[in-house]
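>>> prediction below, plus the sequence it came from.
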Amino acid sequence: MKQGLELGVSQHLALTPQLQQAIRLLQLSTLDLQLEIREALDANPLLEAEDEAADSLIEEPSLPAIPEQPERALEFDGDHETTQELSVDGNWEDTFMDLGAGSGASSRDEDDGNDFTSVSSKPETLHDHLLWQLDLTPFSPDDRVLADLIIDAIRPDGYLGQPIEELCATASEGRDEPIDPTQMLSVLRRIQHFDPAGVGARDLAECLRLQVEQFEGLDAEHREAALSVLEYIALLAEHDYKALQRATGLPAEVVDQAVHLIQALNPRPGTSLDTDEPEYIVPDVLVRKISGVWQVELNPAIAPRLRVNQTYASMIRRRDTGPDNEYLKNRLQEARWFINSLKSRNDTLLRVARAIVQRQIGFFEQGPHAMVPLVLQDIADELGLHQSTISRATNRKYMHAPRAIYELKFFFSSHVSTSDGGSASATAIRARIRDLIAAEPPGSPLSDNDLAEQLQQAGINVARRTVAKYREGMGIASTTERRKAARRKT
């Protein structure tokens with residue numbers, strides 16, 4: 001056998017801390033992001049914010065007015081920016097970040113007297129978040145019952161609190177035939193693709209494996225390496241990396257990268273939505289109609305301009321390997337990573353917001369009656385992103401639109417079939433129910449069955465129990481309570 005050397009060129013996606021940082025920043029709310037930026041500025045001397053932008057991080061944002069025009073149109077100006085990797089050994093010119101997307105004319109509009117109100121939001125639990133996603137996911141009636149049962153069994157930390165056998169026994173009560181565990185597992189697998197990644201896992205290994213499988217931007221080689229390491233999680237817990245190399249048959253460098261990825265995952269995914277403190281609403285994006293054109297832009301009051309500090313950057317000597325110089329090089333790379341991750345977060349948020357407005361332009365023109373059915377997968381398919389990324393981009397993110405501030409999740413709703421073969425969104429149906437109740441005779445309120453019949457006459461196929469669910473969700477009293485209230489008034 002003759003030995004020799006060969007030189008080859010190949011492409012692969014390397015696992016970088018920047019990728020993990022971008023995903024983490026995406027799921028932060030506006031207030032959490034401001035705190036993250038402040039901590040990054042305090043910790044890294046190579047990162048700085050311009051004075052005006054730094055003040056905007058702590059001042060209450062002043063939102064510009066959004067004048068309404070009678071014309072209907074939809075147009076977005078400009079293309080989203082693309083994030084590029086910056087090398088430590090590159091040129092030392094300033095690296096600026098301007099997150100205030102949108103035309104200058106739009107920010108100079110004068111207030112036209114519109115009454116802007118805020119849609120209040122109570123702290124969302126993991127259970128609420130899962131039920132919201134469940135309503136946007138198509139399930140058969142039988143599978144929907146099982147999905148509700150599974151979600152009720154998920155603990156606040158995100159893990160499934162009951163064995164599959166117990167869930168099957170509970171679901172089989174009152175049935176002629178017992179529930180097949182295979183069917184229960186199939187429903188569980190679908191719920192395990194909900195956000196946050198790793199939810200519904202039965203143990204730590206499954207939780208981490210689910211997160212690796214849903215980790216975006218990871219190439220097949222690194223994904224398979226991480227999954228292989230998780231098969232020997234006992235060795236990983238003992239930090240026996242040499243044994244991991246022997247067991248997996250992977251090179252030391254690949255094992256180190258896989259371990260680095262796994263250590264960055266969240267072993268308790270439910271805690272990402274665990275919040276006891278009330279959050280103040282600060283809109284992330286602004287929607288306004290100018291000269292008959294709907295425009296979407298990031299809120300400039302929360303979008304600081306960040307740059308690399310050139311005083312410290314000029315001190316870096318490329319060939320110097322001393323500790324001080326290495327420290328400055330590392331901080332420079334961290335500063336550029338943070339700037340790029342922040343740009344990536346806001347670029348994704350702006351793309352999602354624009355796609356939502358484009359899909360729901362009828363809502364902005366005509367109100368809740370014109371809301372169309374929309375699910376996370378619709379936006380994910382349009383933008384070429386994963387459904388969990390859309391969920392992260394819309395969770396605790398708010399849109400300042402004419403007359404109200406809405407959470408981006410508000411624009412997603414399940415659908416109900418209509419008599420003409422189409423579909424109507426749950427939001428539009430709620431608006432119809434509210435109008436019917438507002439127009440009912442005071443002494444003879446409509447029952448849920450009456451409301452269902454009137455909706456069916458309008459071509460919307462909705463059951464009485466669904467009407468009751470929507471009515472209770474809007475805080476509207478029952479027929480009996482409304483009749484009693486009418487009698488007290490008279």
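Thanks, I have the structure now.
>>> okay, domains of the protein per the record?
Here the domain parsing of the chain from automatic domain parsing is 27-118+280-366+381-407, 126-272, 415-489.
>>> for Ala404, see how far away Ile437 is.
According to C-beta to C-beta, to the nearest Å, Ile437 and Ala404 sit 21 Å apart. Heads up, the C-betas are built off the backbone N, CA and C, glycines and all.
>>> contacting residues around the residue nearest to Tyr241 when sequence neighbours are not counted?
With sequence-adjacent residues excluded and distances taken as C-beta to C-beta, 6 or more residues apart in numbering, Tyr241 is closest to Val255, at 6.1 Å. Neighbour list for Val255: Ala225, Val229, Tyr241, Leu244, Gln245, Thr248 [criterion: C-beta atoms under 8 Å, 6 or more residues apart in numbering].
>>> please redo it, this time with the cut-off set to 7 Å
Val229, Tyr241, Leu244, Gln245, Thr248 (C-beta atoms under 7 Å, 6 or more residues apart in numbering).
>>> what is the neighbour count of the first one?
Neighbour count of Val229, defined by other C-beta atoms under 10 Å: 26.
>>> residues in contact with Val296?
Per C-beta under 7 Å, 6+ apart, neighbours of Val296: Phe76, Val285, Val287, Leu350, Ala353, Arg354, Val357.
>>> in the sheet, who's paired with it?
Val287 (DSSP bridges).
>>> where does it sit relative to Ile429, distance-wise?
27 Å.
>>> one step back: okay, Ile437 and Ala404: which has more neighbours?
A direct count of neighbours by other C-beta under 10 Å for Ile437 and Ala404 places Ile437 higher, at 17 against 13.
>>> returning to what we had before: what's the pLDDT at the residue nearest to Tyr241?
In this model, Val255 is scored at 89, pLDDT.
>>> just the element for it, please.
helix 252-263 (DSSP states H and E).
>>> my read is that Asp284 contacts Leu349, right?
Yes: counting by C-beta atoms under 7 Å, Leu349 is a contact partner of Asp284 at 6.1 Å.
>>> overlap in contacts of the two?
With C-beta under 7 Å, 6+ apart as the test, Asp284 and Leu349 both reach Lys397.
>>> quick one, which of these two is more surrounded?
Between Asp284 and Leu349, counting by other C-beta under 10 Å, Asp284 is the more crowded of the two (24 against 21).
>>> dump the residue contacts of that one.
So Asp284 contacts Thr30, Leu298, Asn299, Ile302, Leu349, Lys397, Tyr398 (C-beta under 7 Å, 6+ apart).
>>> how about a cut-off of 6 Å?
Thr30, Asn299, Lys397, Tyr398 (C-beta atoms under 6 Å, 6 or more residues apart in numbering).
>>> max pairwise distance over the residues you listed: which two?
Maximum pairwise distance among the contacts of Asp284 (C-beta to C-beta): 10.6 Å, between Asn299 and Lys397.
>>> returning to that earlier point: among the contacts of Asp284, which one has the lowest pLDDT?
Thr30 (83).
>>> what about that one, neighbour count?
Around Thr30 there are 20 residues (other C-beta under 10 Å).
>>> where does the protein have its least confident helix or strand?
Counting by mean pLDDT, DSSP states H and E, the chain has its least confident helix or strand at strand 117-118, which shows a mean of 40.
>>> isn't Ser272 right up against Ala197?
No: using C-beta atoms under 6 Å, Ser272 is not in contact with Ala197; the gap is 9.4 Å.
>>> between the two, who's got more neighbours?
Ala197 (27 against 20).
>>> which residues touch the more buried one?
Counting by C-beta under 6 Å, 6+ apart, Ala197 has contacts Gln211, Gln214, Ser388.
>>> give me the number of residues near the closest residue in space to the last one that isn't next to it in sequence?
Ranked by C-beta to C-beta, 6+ apart and with sequence neighbours excluded, the top spatial neighbour of Ser388 is Asp195, at 4.7 Å. Asp195 sits with 25 neighbouring residues when counted by other C-beta under 10 Å.
>>> okay, the residue nearest to Ile191 when sequence neighbours are not counted and Arg189: tell me how far apart.
Leaving aside its sequence neighbours, Ile191 sits nearest to Gly200 (C-beta to C-beta, 6+ apart; 4.8 Å). Taken as C-beta to C-beta, the spacing of Gly200 relative to Arg189 amounts to 9 Å.
>>> neighbour count: the two, which is higher?
Gly200 (25 against 11).
>>> how close does the more buried one sit to Leu374?
Distance from Gly200 to Leu374, by C-beta to C-beta: 24 Å.
>>> next: Gln333.
Gln333 is 40 Å from Leu374, by C-beta to C-beta.
>>> who's more crowded, the two?
For Gln333 versus Leu374, the count of surrounding residues by other C-beta under 10 Å is larger for Leu374: 21 against 16.
>>> check contacts around Arg396.
Residues near Arg396 by C-beta under 6 Å, 6+ apart: Ser29.
>>> next, count neighbours for Ala486.
Count around Ala486 with other C-beta under 10 Å applied: 15.
>>> quickly note the distance from the closest residue to it other than its chain neighbours to Arg487.
Of all residues not flanking Ala486 in the chain, Pro442 sits nearest, at 4.3 Å (C-beta to C-beta, 6+ apart). Pro442 sits 9 Å away from Arg487, taking C-beta to C-beta as the criterion.
>>> wait, Glu304 touches Glu50, no?
For residue 304 the amino acid is Pro, not Glu. No: assessed by C-beta under 6 Å, Pro304 is found out of contact with Glu50, at 7.5 Å.
>>> give me phi/psi at the residue nearest to Ala486?
The phi/psi pair for Pro442 (degrees, to the nearest 10) reads phi -60, psi -40.
>>> cool, and the one 10 residues further on?
Note on Ala452: backbone dihedrals following degrees, to the nearest 10 are phi -60, psi -40.
>>> relative to Pro283, how far out is it?
In terms of C-beta to C-beta, Ala452 sits 37 Å off from Pro283.
>>> ok, Thr389 next?
When Thr389 is compared with Pro283 (using C-beta to C-beta), they lie 21 Å apart.
>>> how many neighbouring residues does Thr480 have?
Neighbour tally, Thr480, other C-beta under 10 Å: 10.
>>> do you know the pLDDT at it?
The predicted local confidence for Thr480 is 82.
>>> any buried residues in the host helix or strand of it, and which?
According to DSSP H and E, Thr480 maps onto helix 479-489. With burial defined by 16 or more other C-beta atoms under 10 Å, the residues of helix 479-489 counted as buried are Thr479, Arg482.
>>> go on, stretch 384-398?
For stretch 384-398, by 16+ other C-beta under 10 Å, it's 385-398.
>>> and which of those is nearest Ile164?
Ser388 (23.4 Å).
>>> check contacts around the closest one.
Contacts for Ser388 (C-beta under 6 Å, 6+ apart) come out as Asp195, Ala197, Gln214.
>>> what does the residue nearest to Ser388 show for phi and psi?
Dihedral angles (degrees, to the nearest 10) for Asp195: phi -90, psi 140.
>>> that one touches Ser391, doesn't it?
Yes: here Asp195 reaches Ser391: they are 3.6 Å apart, a contact under C-beta under 6 Å.
>>> where does the prediction get shaky in the protein?
1-4, 6, 8-19, 51-123, 274-280, 303, 318-319, 415, 417-422, 489-490 (pLDDT under 70).
>>> do a quick rundown of the helices in the stretch 101-250 of the chain.
126-135, 141-153, 164-172, 181-191, 204-213, 220-230, 233-237, 241-248 (DSSP state H, counting those that start in this stretch).
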